[in-house]
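>>> Just need the structure, nothing else, for what follows:
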Amino acid sequence: MPKKDYKGWELELFDNSKHFRIYQLKLIKKYLSGHLAEVGPGNGANLNYYIDRPIKIDLFEPSKKHYLNLKKNFKKHNKIKFYNKFFDGKKKYDTILYLDVIEHIKEDKKEVIKALNLLKKNGNLIINVPAFSYLYSKFDKDVGHYRRYSKKDFQKILEGLNFKKVNFIYYDTIGFFLSLLSKVLVSNYKENFEKKIKLWNSMIWLSKIIDFISFRFFGKSLLIIIEK
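Predicted coordinates for the structure are as follows:
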């Protein structure tokens, strides 16, 4: 599991990447309904884009700092329950979200099995992870990523598990090229890091076009949507 004292120094910069968040939501919004659990929501950046869709929302955030931020930022929403702990097995959900969380968990298959067991029949487990192991960089290591994933990597995780169907979606081609260039050419990724994030976010419109033209053959991120 990710550490409870995870600092998440990079979260605020990515939280403000509105163009990316909106694009991501567009890819998954039809699955966000009923009783939903988000695991590792951080400061709630994703929640801002889907809060009106589910009937009830449970947020599982093990970091004390981020848990307190969540309660402060969303205290007026009666449909939300906050848990300062790792995801547990006391309820069944229509939708479970892991948005950029699984890569922080060492025993990733065990976590996927647990999540599938907590899904209702016909429910959806939605996982977003950084794509392609050859893009793994010092940034990934510094923020606590154990790995990056390809479609084949996740197919191995799902072998032998009980579910109805799975859909894999690569997206954000511009992010892919920027990540590759950064790994190959940049010695200190933290230099002008905020400006780099803003540049990437400003080019999401171009990612959408290339993603469509390339039939989502590759990208910086991989979505895995599993129906039980």
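
>>> From now on I want contacts and neighbour counts done on CA atoms only, so please keep to that.
OK.

>>> following the top helix by length along the chain, which helix or strand comes up?
As assigned by DSSP state H, the longest helix anywhere in the chain is helix 173-185. Following helix 173-185 in sequence order, the next helix or strand is helix 193-202 (DSSP states H and E).

>>> what's in contact with the very next helix or strand once past that following helix?
Counting by DSSP H and E, the next helix or strand C-terminal to helix 193-202 is helix 204-213. The set of residues external to helix 204-213 that reach it, using Cα atoms under 8 Å, 6 or more residues apart in numbering, is 19-20, 23, 171-175, 217-219.

>>> change it to 6 Å
Contacts of helix 204-213 with the rest of the structure, by Cα atoms under 6 Å, 6 or more residues apart in numbering, involve 172-174.

>>> Could you export those as JSON lines, including neighbour count, pLDDT and distance to K106?
Formatted as JSON lines, the contacts of helix 204-213 follow (neighbours: other Cα atoms under 10 Å; pLDDT from 0 to 100; distance: Cα to Cα, whole Å):
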{"residue": "D172", "neighbour count": "26", "pLDDT": "98", "distance to K106": "25"}
{"residue": "T173", "neighbour count": "24", "pLDDT": "98", "distance to K106": "27"}
{"residue": "I174", "neighbour count": "21", "pLDDT": "98", "distance to K106": "28"}
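
>>> And the residue nearest the centre of the protein?
Nearest to the mean C-alpha position of the chain, by Cα atoms, centre = their mean, lies L99 at 1.6 Å.

>>> There's contact between it and N128 in this structure, I believe.
Yes: with contact defined as Cα atoms under 6 Å, L99 counts as touching N128 (4.7 Å).

>>> quick one: contacts of the longest strand along the chain?
Criterion DSSP state E: the longest strand present in the chain is strand 119-130. Residues from elsewhere that reach strand 119-130 (Cα under 6 Å, 6+ apart): 92-100, 148, 221-228.

>>> Extract the C-alpha set from the following helix or strand past it and format it as PDB.
As assigned by DSSP H and E, the chain's next helix or strand after strand 119-130 is helix 138-142. Taking Å, rounded to 0.1, in the frame of the first residue of the first chain, the C-alpha atoms of helix 138-142 are listed here in PDB:
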ATOM      1  CA  LYS A 138      13.500   9.700 -11.600                       C
ATOM      2  CA  PHE A 139      10.200  11.500 -11.200                       C
ATOM      3  CA  ASP A 140       8.400   8.200 -10.900                       C
ATOM      4  CA  LYS A 141      10.800   7.000  -8.300                       C
ATOM      5  CA  ASP A 142      10.700  10.300  -6.300                       C
END
